[in-house]
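**Q** Fold the stuff below for me.
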Amino acid sequence: MTQAERTALSDKAMLEAAMALVLQHGTDKTTLAMIGEKAGYSRGLATYRFGSKGGLYDALCKSISRHWLEYLKQGVGDKVGIDAMCAALDTIYRFAQDSPDEARALEILYSGAASPSSEYQETAIGIRQRQKSDVAEWVRLGQETGQIRSNVDASEVATQYVAYISGMTYLWLMSPGNFDFSISNEVMKRHLRDSLAAD
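**A** Numbers count the residues shown, from 1 in each chain. Sure, this is the predicted structure:
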């Protein structure tokens with residue numbers, strides 16, 4: 001293996017270890033030493049590679065988000081407007097079913113990013129802004145194709161939609177056994193059609 005391949009392999013192992021430990025202990029009680037040891041490397045490699053625990057969480061947040069974006073692109077495809085927003089809801093549900101550890105770890109990281117001392121807050125904010133931008137574009141394209149009413153404010157709809165997704169995933173994280181994604185999705189889909197569809 002080349003040096004670059006060995007680096008990529010160790011980074012992947014440490015990110016996987018970080019995710020497992022965050023799910024088990026949370027962000028505060030997980031340490032870089034624990035991550036390095038669980039990944040099978042020296043205690044100091046995680047610190048050397050990522051600089052700090054916040055730097056590692058930043059990398060983990062980006063890594064999971066990239067995987068999520070692959071899901072989203074496949075799920076939404078070339079859909080726009082209400083169709084795209086409904087497809088995205090279905091994709092969130094599939095992601096939670098297919099990759100529950102990643103989905104839960106990402107939500108834990110988002111929650112931790114709200115702390116004033118978070119070192120990866122900028123990344124979390126950027127991801128949310130990207131989400132809102134994508135939804136606003138779906139709405140604008142839906143208006144152009146006549147699927148969505150022309151008097152709808154795309155930015156306001158995007159903010160409400162992302163807020164719903166954030167709240168939904170938070171409820172699932174806190175009590176997965178008492179929260180049904182599929183039912184919530186169907187309710188939200190009806191709301192989207194009732195409130196946005198052109199006459």
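
**Q** can you give me the strands in this protein?
**A** In the chain, no segments count as strands under DSSP state E.

**Q** tell me which helix or strand of it sits lowest on mean pLDDT?
**A** helix 45-50 (a mean of 87; mean pLDDT, DSSP states H and E).

**Q** Which secondary structure elements does that helix sit against?
**A** If you count contacts as 3 or more CB pairs under 8 Å, 6 or more residues apart in numbering; DSSP states H and E, helix 45-50 packs onto helix 3-29, helix 32-38, helix 53-76. Bear in mind the C-beta positions are built from the backbone N, C-alpha and C, glycine included.

**Q** just so I know, which of those lies nearest S115?
**A** helix 3-29 (9.0 Å; CB to CB).

**Q** Check whether R193 really touches D83, as I assumed.
**A** No. Applying CB atoms under 8 Å as the test, R193 and D83 come out as separate, 10.0 Å apart.

**Q** Run a quick neighbour tally on S111.
**A** 17 (other CB atoms under 10 Å).

**Q** Same question for K29.
**A** 10.

**Q** Quick check: it vs R190, distance?
**A** Applying CB to CB, to the nearest Å, the value for K29 to R190 is 41 Å.

**Q** on that earlier part again, okay, R193 and D83: which has more neighbours?
**A** D83 (18 against 14).

**Q** Nearest residue to that one in space, ignoring adjacent ones along the chain?
**A** Leaving out its chain neighbours, the residue that sits closest to D83 by CB to CB, 6 or more residues apart in numbering is Q147, at 7.2 Å.

**Q** ok, back up a step: ok, residues contacting the least confident helix or strand of the chain?
**A** Applying CB atoms under 8 Å, 6 or more residues apart in numbering, the set of residues contacting helix 45-50 from outside is T7, S10, D11, M14, A18, L32, A33, I35, G36, A39, L56, A59.
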